Structures are given as structure tokens and as C-alpha cells.
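Participant: The amino acid sequence is not available; the structure is as follows:
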């Protein structure tokens, strides 16, 4: 057995179960918005579009105005995929990276959701709104406008581990109800502060007296809208987000993003035999970049595929413990745990069907 990564073995990140269940849709489990939209009746003379097995990641450059749920439904339809989900909600107001997992890639969603995220956002000073962005109603106003020096001096207080109160319009659950549903019904909810980590927060440009451009790199659970709200309150001028773009999600950056129009054009060309949808896919294992890879023999692979543990013996046995992703003949096989001299499978992948093109696989190596 050969360890193919020098990275330290890490424990697998645990995703929010409610978020994962909400983010992933399949023919057997439709997401709520799609179900509410209902199905149009299919006439007998209309051919049925058969669903197929598609495995990999599409990093959509989501346009402003589209919900994350709708984006997943569109990509799922374009690929005629059986199963799809996204790795972290992006507000309709925001544009940028929305990683969409197809097929077996949905098993790796928690690893992307727990990764770092980077945003470029513009704050409009002088108004606080109930949604903390331009879509809400104005709740406070001020004639004060902050200087670039005052803003920059405040940013260290919002860097590192901080306590943050989520926006009233957020997906946080309060006694089984989403906070945004309660807010829409006119209820004021006392949300508790939560620890979040801001790795970097920079004032990029003071556009004018009423608008400032920032960049932030942060961990899971951070609300950029809350950053704008809290900065405005301390500066005494109030503020809200008026533009937001996500430029990084875990291993996926701007160079990985594909605009919806380009993806639709690629799908049209593929339908006419002029291209392949595989060119738009990134390999499932791209989400596992921070996890060591372990190559096994075909005999050991067969045991792991059946859900059986494999004894690690001999000179090539890895001297470590924790999570690895297992490959056989260069192909992803499973997520597994090393412990007590055994390799124990936790998630086995079945990549039969449409996967990323060989060129995309080479890019991920």
C-alpha cells in the first residue's frame, strides 16, 4: 500500500445533518422548493427524459437573483442526473462559486462545506436593514460616514475567533422553525451568538463616502451580512451588504467556476454530438484534496467494496491513523479510517456512469 500524500491525516469533518439533507435532492427525495413547484403532467406523446448516473462536481458561477436550490435543479436537469446537492447556500443577492455535487460526489459534500470561503463584498453605509442586505426594509439610518482610517482600525476586532449573532433572516432553526420564516411572520427572534473564525478581513477600496469594498476569508458558519451589520453599528453609521461575490469554497476557486450560459451551451453541443458533458465535471475526489490518498491492491479493493476491513501489514503499511481516501488503479474507491492496524471503509463509491473527462482528472492530480 502506498500513501500518495504527505499531508497529515485528519479526522473527517462532520457536516450539519439538516443542511446536508436540505441540500441534496434525488428522485426519491425532492427538495422542498422543487416539490412546492409541482410537476407538470407529462402527455403520452412526450418522450420521457431518463435519469442517468453522473458523478462529479460542477462549480457554478451563480448569477445574482437565482436561489441555490434553483441552481441545483437547473444543473441536475442539464445533466439529467439522478442525484444532486450543493455545498453551502449562496444568497440570491450573491454571485460566485456554488459547488454542486452530482451522484457519488454528494458523499463528499461535508468536506467542502467545512472548508474556507472567500468573499468580495460592498457595504453601503448610512442604513441598517432587517435582512442586512438591500432586499430588506430600512430599520435605522445615520448621516455619519466612516473614513477609510476608521474602518481599517476596526478590522482587527473582527479577525480571528469571534462571537457573531446570525442575521434575523437566516436558516438557523429556532424551536424547529427557520429564523427567516419567523422573521417574515413579523416575529423578533433572539438568536444566540456563535463562534466563527475570520482568517482575513481587508478593506480593498473606499469607493466613495457611502460605499466600501472588502475581502474576507472565513470558516464555516460565518455570515458576511452580519459582518456588515456589526461594523456599521460600532462605527455609528449603520450598514448593509449591497453586493456580494463568493470567490472560494474549500478547494474550488474562481478558475473552476463555469457561468450558467456557458454550461447550457456546452450541454447543447453535447446533445448534438459536438462535445461531452464530462468536460464540465470536476472529479469527485477534488473535494478530498486535504485528505491523504492510499492506494490498495485489487484484492484489498474487493474486500473494501464489500464493506469489509483490510489488515494493514508489511513494510508498506502506513504508520498513521485517521481518514484517508482509498484508490485502486488510480480510481477513487472509498473513504476509510485507519486504526488498530486496520483499514475500515466508511463510504464506498460506485463511479459507474458519466464522470469527469481524463483531462480534468489529470488537473486534479
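Facilitator: On my side now, so go ahead. Everything quoted here is computed from the prediction, not taken from an experiment.

Participant: hey, let's count contacts and neighbours off CA atoms from now on
Facilitator: Will do.

Participant: Which elements pack onto the biggest strand by length in the chain?
Facilitator: Criterion DSSP state E: the longest strand present in the chain is strand 194-208. Helices and strands in packing contact with strand 194-208 are listed as helix 148-154, strand 160-164, strand 211-218; criterion 3 or more CA pairs under 8 Å, 6 or more residues apart in numbering; DSSP states H and E.

Participant: How far off centre is that strand?
Facilitator: Strand 194-208 has its average C-alpha position 20 Å from the chain's average C-alpha position, going by CA atoms, centre = their mean, to the nearest Å.

Participant: Buried residues, it. List them.
Facilitator: Residues of strand 194-208 classed as buried by neighbour count (16 or more other CA atoms under 10 Å): 196, 197, 198, 199, 201, 202, 203, 206.

Participant: Contacts for it next, please.
Facilitator: Counting by CA atoms under 8 Å, 6 or more residues apart in numbering, the neighbours of strand 194-208 from elsewhere in the structure are 148, 151-152, 155-156, 158-166, 212-222.

Participant: can you give me phi and psi for the closest residue to residue 250 other than its chain neighbours?
Facilitator: Leaving aside its chain neighbours, residue 250 sits nearest to residue 115 (4.1 Å; criterion: CA to CA, 6 or more residues apart in numbering). Residue 115 has phi and psi values of phi -80, psi 170 when expressed as degrees, to the nearest 10.

Participant: could you list every residue that touches residue 115?
Facilitator: Taking CA under 8 Å, 6+ apart as the test, what residue 115 contacts is 219, 220, 249, 250, 251.

Participant: Quick one, grab the pLDDT at it.
Facilitator: Each residue has a pLDDT score; the one for residue 115 is 91.

Participant: Pull up the gap between residue 52 and residue 355, please.
Facilitator: Residue 52 is 11 Å from residue 355, where distance means CA to CA, to the nearest Å.

Participant: Pick out whichever of the two has more residues nearby.
Facilitator: Shown here are residue 52 and residue 355; by other CA atoms under 10 Å, residue 355 has more neighbours (25 against 14).

Participant: Help me confirm that the more buried one comes into contact with residue 56.
Facilitator: Yes - using CA atoms under 8 Å, residue 355 is in contact with residue 56, at 6.0 Å.

Participant: can you list residues touching both of these two?
Facilitator: Once CA under 8 Å, 6+ apart is applied, the residues that residue 355 and residue 56 both contact turn out to be 281, 283.

Participant: Which parts of the stretch 51-200 of the chain are strands?
Facilitator: 56-62, 83-86, 95-102, 117-125, 127-129, 138-141, 160-164, 173-174, 177-178, 194-208 (DSSP state E, counting those that start in this stretch).

Participant: right, so of these, which gets closest to residue 227?
Facilitator: When these are ranked by proximity to residue 227, the top entry is strand 160-164, at 8.2 Å, counting by CA to CA.

Participant: what about residue 346, which helix or strand?
Facilitator: For residue 346, the host element (DSSP states H and E) is strand 342-348.

Participant: picking that back up, return the member of the contacts of residue 115 nearest to residue 232.
Facilitator: For those, the minimum distance to residue 232 (CA to CA) is 21.6 Å, reached by residue 219.

Participant: Next one: that closest one from residue 162, what distance?
Facilitator: From residue 219 over to residue 162 (counting by CA to CA), the distance is 11 Å.

Participant: Please say which of those two ends up with more neighbours.
Facilitator: Residue environment comparison for residue 219 versus residue 162 gives the larger neighbour count to residue 219, 20 against 14, counting by other CA under 10 Å.

Participant: Angles on the backbone of that one, please.
Facilitator: In this entry, residue 219 is assigned phi and psi values of phi -90, psi -180 (degrees, to the nearest 10).

Participant: check contacts around it.
Facilitator: Applying CA under 8 Å, 6+ apart as the definition, the contact partners of residue 219 turn out to be 114, 115, 116, 117, 196, 197, 198, 199.

Participant: so what's it scoring on pLDDT?
Facilitator: Reading off the model, residue 219 has pLDDT 93.

Participant: Averaged pLDDT, stretch 141-152. What do you get?
Facilitator: Per-residue confidence for stretch 141-152 averages out to 97 on the pLDDT scale.

Participant: buried sites along that stretch?
Facilitator: Neighbour counts using 16+ other CA under 10 Å place 145, 146, 148, 151 of stretch 141-152 among the buried residues.

Participant: And for stretch 119-137?
Facilitator: Burial within stretch 119-137, assessed by neighbour count using 16+ other CA under 10 Å, is assigned to 119-134.

Participant: do stretch 335-347 as well
Facilitator: Result for stretch 335-347 [16+ other CA under 10 Å]: buried residues 335, 336, 337, 338, 342, 343, 344, 345, 347.

Participant: for stretch 216-233, same thing?
Facilitator: For stretch 216-233, a neighbour-count test (16+ other CA under 10 Å) marks 216-232 as buried.

Participant: ok, now stretch 274-284?
Facilitator: Within stretch 274-284, the residues that qualify as buried are 276, 277, 278, 280, 281, 282, 283, 284, counting by 16+ other CA under 10 Å.
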